[in-house]
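# A predicted structure for the sequence below; I have some questions about it.
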Amino acid sequence: MGKAGGRDWLQIYSIYGTDEWQTVGFLAFNAFLFAFLSLLLFVYFAPILSSAHSFLPALPLPLLRFAAGFSGSVLSLSALCLLFAASNVLYSSLPLRWLMAQRMIAAVPNWFAVRTALDVGCGRGILLNAVALQLKKEGSCGRVVGLDRDRGTAVAALRRASVEGVQEYVTCREGSAHCLPFPDGYFDVVLSAVYLKRQGDSAAERWRAIGEIIRVLKPGGIGVLWDLSCVPEFAKRLTEMRMEEVRVSGRVTAYMVGSHIVSFRKPIAVSADDWRANIC
């Protein structure tokens, strides 16, 4: 049985499930369909070739034979590619999410000193509960807040915290990443996993969300963001916003694309004008 950060994959699935079943199902269905058609062509190659020649007598038989063989090869390769894609999406939405949560947690040097943490876009609660488990492990009296724009998702994440035995460390609420419902300088740590880009396709919307994350961080607080494609942009813009210790992790393939984690520290002495002017 596979392991992900000390947890069994099936154990992770039993608690969190996956929000990618439609994608996985679509890819797997087409993979088996193409595999079936390829097998059908292989088993009944001669009758199919004979029928094709009777319908298209003008075409030479060697050309039809090549076309049929080429079609079978394309179908087989397509089936393999689709099956790999389905496996990658399933892996990315379950064990890899947990593994990346552990890496994001490792970017914070001292969780015992953390009193308030925020997970922007908590979703199913994988990162949220991983943070809560870390707080519990450290013997901290801190709490982590999970924020999601969908109230039902936030409530479900809170139920999963109860299953993990960390409900006393977790609070969930509905809200937008573009206007975080918290005062300035409220959190010691703010994290977000594969969420900010979903808040809008325009760069201005992403910078607004990052600006909100910086706003609610305490001076000296740490931000940790995992994204599939925008981390280089995030790192550049965070540097322009005069954030300190901006670090980008190595590349990790998730959902069949390259992803990175970027971490940074909000300066202790920083003016709001230093970073707000660079949001848009």
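Yep, it's here.
# which stretches of this structure form helices?
9-16, 21-43, 45-55, 61-93, 95-106, 126-138, 151-164, 203-216, 231-240, 272-276 (DSSP state H).
# so for the third one, what gets flagged as buried?
Which is helix 45-55. 48, 49, 52, 53 (16 or more other CB atoms under 10 Å). Backbone N, C-alpha and C define where each C-beta goes, glycine included.
# so who does the residue sitting nearest the centre point of the chain touch?
Central residue of the chain (CA atoms, centre = their mean): residue 194, 4.1 Å from the mean position. Residues in contact with residue 194 (CB atoms under 8 Å, 6 or more residues apart in numbering) are 121, 226, 227, 228, 254, 259.
# what angle do the strand of greatest length in the chain and helix 203-216 make?
Longest strand in the chain, counting residues (DSSP state E): strand 217-227. Interaxial angle of strand 217-227 relative to helix 203-216 (axes from the mean of the first three to the mean of the last three CA atoms, to 10 degrees): 140 degrees.
# from residue 64, how far off is residue 266?
Here the criterion is CB to CB, to the nearest Å. By it, residue 266 lies 68 Å from residue 64.
# between these two, who's got more neighbours?
residue 266 (26 against 17; other CB atoms under 10 Å).
# who does the closest residue in space to that one that isn't next to it in sequence bridge with?
Closest residue to residue 266 apart from its sequence neighbours, by CB to CB, 6 or more residues apart in numbering: residue 217 at 4.5 Å. On the basis of DSSP bridges, residue 217 is bridged to residue 187.
# residue 217 contacts residue 183, doesn't it?
No - look at residue 217 against residue 183 with CB atoms under 8 Å: they stay out of range, at 11.5 Å.
# neighbour-wise, which of the two wins?
residue 217 (24 against 9).
# contacts only, for that one.
185, 187, 188, 190, 223, 266.
# and the residue nearest to the centre of the chain, its phi and psi?
phi 50, psi 60 (degrees, to the nearest 10).
# quick one: it from residue 245, how far?
Counting by CB to CB, the gap from residue 194 to residue 245 is 22 Å.
# rewinding a little: could the contacts of residue 217 be laid out in a markdown table, adding distance to residue 207 and pLDDT?
Listed next are these as a markdown table, based on distance: CB to CB, whole Å; pLDDT from 0 to 100:
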| residue | distance to residue 207 | pLDDT |
| --- | --- | --- |
| 185 | 20 | 92 |
| 187 | 19 | 97 |
| 188 | 23 | 96 |
| 190 | 15 | 97 |
| 223 | 14 | 96 |
| 266 | 16 | 95 |
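# can you tell me which of these is closest to residue 238?
Closest approach to residue 238 among the contacts of residue 217 (CB to CB): residue 223, at 8.0 Å.
# what's opposite that closest one in the beta bridge?
Here residue 223, judged by DSSP bridges, has bridge partners residue 190, residue 264.
# which residues touch stretch 53-66?
In contact with stretch 53-66 (CB under 8 Å, 6+ apart) are residues 49, 52.
# just the buried residues out of the contacts of residue 217, in ChimeraX syntax.
The buried subset of the contacts of residue 217, as determined by 16+ other CB under 10 Å, is captured in ChimeraX by this line:
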select :187,188,190,223,266
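# show me which pair in the contacts of residue 217 is furthest apart.
185 and 223 (12.9 Å).
# quick one: mean pLDDT for stretch 226-244?
The pLDDT scores in stretch 226-244 average 88.
# residues making contact with that stretch?
100, 104, 192-194, 196-197, 203, 206-207, 210-211, 214, 223, 225, 246, 248, 254-255, 257-262, 264-267, 270, 274-275, 278-279.
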